[in-house]
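>>> Sequence and predicted structure, then a few things I'm wondering about:
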Amino acid sequence: MSMLAVVAFGGNALLKSGQKGTIDDQETNAYDASKNLIKLIKRGYNLVLTHGNGPQVGNILMANTAGNKMYGIPDMPLDICVAYSQGFIAYILEQQLRNVLMENDLDHDVISIITQVLVNKDDPAFINPTKPIGPYFTREEAEKFMTDSDSVYKEDKARGGWRKVVASPEPLVIFNMRSIEKIASDGHIAIAVGGGGIPCFYKKENKLQGIDAVIDKDLASSLLASQIHAHKLFMLTDVPKVCLNFNTPQEKTIDRMSIAEANQYLEEGQFGAGSMGPKIQAAINFIVRSGKDAIITVPELLGVDNGGTRITIV
């Protein structure tokens with residue numbers, strides 16, 4: 001009997017730090033990331049892939065603003081920018097995954113699903129933006145942007161730079177989850193909840209509307225994984241294992257932790273709200289809902305025994 005895994009790619013897995021974000025960059029990164037999925041497929045996993053969009057959606061928003069200022073092209077709200085990013089990232093990921101599947105003589109359909117996710121318009125996250133998007137800037141550049149607009153920028157001390165931050169409300173309901181589960185259970189590969197999903201809310205009964213936010217893709221992936229009865233949740237990032245005291249002389253990697261330990265480290269402030277914190281919270285949420293394990297690692301260690309940090313119920 002096949003097992004079902006949700007694999008969450010970070011936006012940085014497809015657009016790496018320091019890259020300009022050309023199509024060649026992103027296609028190469030998507031191809032490299034896709035190669036690592038073969039190990040899971042050969043171990044009998046059916047797959048649902050999710051992905052972040054932090055670098056990409058920030059770039060789309062900046063291009064959108066520049067087009068408005070220079071040419072009068074109508075400004076698009078952030079939820080539309082998220083939808084843009086879902087479509088083009090899924091296209092790149094689907095195409096490169098198909099290339100990898102053909103190279104390995106594997107026959108699977110790959111189906112991309114534009115996914116809306118319900119949030120609460122009164123979520124406190126709208127008052128305190130924490131989700132970083134777009135490129136890194138110097139303090140001086142960030143201060144100028146904040147002076148010239150109502151944008152908020154915060155420093156990422158671990159990675160050295162300032163990034164625009166936006167509201168990141170909690171995902172409540174993922175639309176089309178039954179279809180996503182069926183597609184994967186039938187042996188196809190589904191790509192869904194891109195960028196955490198397009199955030200929407202009920203403006204009134206039976207009337208959905210988008211809202212300016214970027215949902216954390218790990219929290220959305222965790223919710224999806226539990227709702228479609230996944231056996232494993234893999235969250236991919238740019239470090240092989242979770243670390244305590246990250247980027248300090250006291251840095252220590254963790255091979256395995258219980259949800260009790262994970263909660264303790266969160267309370268101690270070990271994991272930043274804009275980096276590892278949401279992944280740890282997503283792992284806790286998935287384990288509490290499902291009783292299954294979550295793994296945080298780099299794409300290269302997917303399907304490798306003892307690869308990454310395993311978070312368990314006890």
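Good, I have the coordinates. Residues are numbered from 1 along each chain as shown.
>>> Check whether Tyr84 really touches Gly58, as I assumed.
No - applying Cβ atoms under 8 Å, one finds Tyr84 not in contact with Gly58, separated by 11.9 Å. In short, each C-beta sits where N, CA and C put it, glycine included.
>>> who's more crowded, these two?
Neighbour totals were compared for Tyr84 and Gly58, and Gly58 leads with 22 against 19 (other Cβ atoms under 10 Å).
>>> and that one, backbone torsions?
In this entry, Gly58 is assigned phi and psi values of phi -70, psi -40 (degrees, to the nearest 10).
>>> Assign the nearest residue to it once chain neighbours are set aside to helix, strand or coil.
Closest residue to Gly58 in three dimensions, ignoring its sequence neighbours and counting by Cβ to Cβ, 6 or more residues apart in numbering: Gly134, at 2.0 Å. Of the three states, Gly134 takes strand according to DSSP: H, G, I helix; E, B strand; the rest coil.
>>> List the contacts of Gly134.
Under the criterion of Cβ atoms under 8 Å, 6 or more residues apart in numbering, the neighbours of Gly134 are Gly54, Pro55, Val57, Gly58, Asn59, Leu61, Met62, Arg163, Lys164.
>>> Overlap in contacts, Tyr84 and Gly58.
Between them, Tyr84 and Gly58 share no contacting residue under Cβ under 8 Å, 6+ apart.
>>> thinking again about what came up before, which members of the contacts of Gly134 are the farthest-apart pair?
With Cβ to Cβ as the measure, no two of the contacts of Gly134 lie farther apart than Gly54 and Met62, at 13.0 Å.
>>> With just CA atoms, put the helix or strand that contains Ile60 into CSV.
Following DSSP states H and E, one finds Ile60 within helix 54-71. Written as CSV, here are the backbone C-alpha positions of helix 54-71 (Å, rounded to 0.1, in the frame of the first residue of the first chain):
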residue,chain,number,x,y,z
GLY,A,54,8.6,34.6,-0.6
PRO,A,55,11.3,35.8,-3.0
GLN,A,56,9.1,35.6,-6.1
VAL,A,57,6.0,37.3,-4.7
GLY,A,58,8.1,40.2,-3.4
ASN,A,59,9.6,40.6,-6.9
ILE,A,60,6.2,40.5,-8.5
LEU,A,61,4.9,43.2,-6.1
MET,A,62,7.9,45.4,-6.9
ALA,A,63,7.5,45.0,-10.6
ASN,A,64,3.8,45.7,-10.2
THR,A,65,4.5,48.9,-8.3
ALA,A,66,7.1,50.0,-10.8
GLY,A,67,4.7,49.4,-13.7
ASN,A,68,2.1,51.5,-12.1
LYS,A,69,4.4,54.4,-11.4
MET,A,70,6.1,54.4,-14.9
TYR,A,71,3.3,53.4,-17.2
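>>> And the next helix or strand past that helix?
Elements were assigned by DSSP H and E; along the chain past helix 54-71, the next helix or strand is helix 78-103.
>>> which parts of that following helix are buried?
The neighbour-count check on helix 78-103 (16 or more other Cβ atoms under 10 Å) flags 78-86, 88-90, 92-94, 96-98, 100-101 as buried.
>>> immediately after it, which helix or strand?
Elements were assigned by DSSP H and E; along the chain past helix 78-103, the next helix or strand is strand 110-112.
>>> Report the strands that pair with that next one, each with its relative direction.
The partner list of strand 110-112 in its sheet, established with DSSP bridges, is strand 189-191 (parallel).
>>> Just checking: what are the partner strands of the helix or strand following the strand it pairs with?
Heading C-terminal from strand 189-191, the first helix or strand you meet, by DSSP H and E, is strand 198-204. On the basis of DSSP bridges, the sheet neighbours of strand 198-204 come out as strand 116-118 (parallel), strand 207-210 (antiparallel).
>>> How about the shortest one, which residues are buried there?
Along strand 116-118, these residues count as buried under the neighbour rule (16+ other Cβ under 10 Å): Gln116, Val117, Leu118.
>>> Of those, which is the nearest to Asn12?
Proximity of these to Asn12 was ranked by Cβ to Cβ; the top entry is Val117 with 20.8 Å.
>>> Can you give me the neighbour number for the residue nearest to the closest one when sequence neighbours are not counted?
Nearest residue to Val117 in three dimensions, chain neighbours excluded: Gly197, at 3.0 Å (Cβ to Cβ, 6+ apart). Burial of Gly197 is recorded as 32 neighbouring residues (other Cβ under 10 Å).
>>> same thing with Ile254?
Burial measure for Ile254: 18 neighbouring residues, criterion other Cβ under 10 Å.
>>> I'd say it and Cys243 touch.
Yes - the pair formed by Ile254 and Cys243 meets the contact definition of Cβ under 8 Å, at 7.0 Å.
>>> Show me how far the helix or strand that contains Glu181 is from its chain's centre.
Taking DSSP H and E as the definition, Glu181 sits inside helix 177-185. How far helix 177-185 lies from its chain's middle: 19 Å, per Cα atoms, centre = their mean, to the nearest Å.
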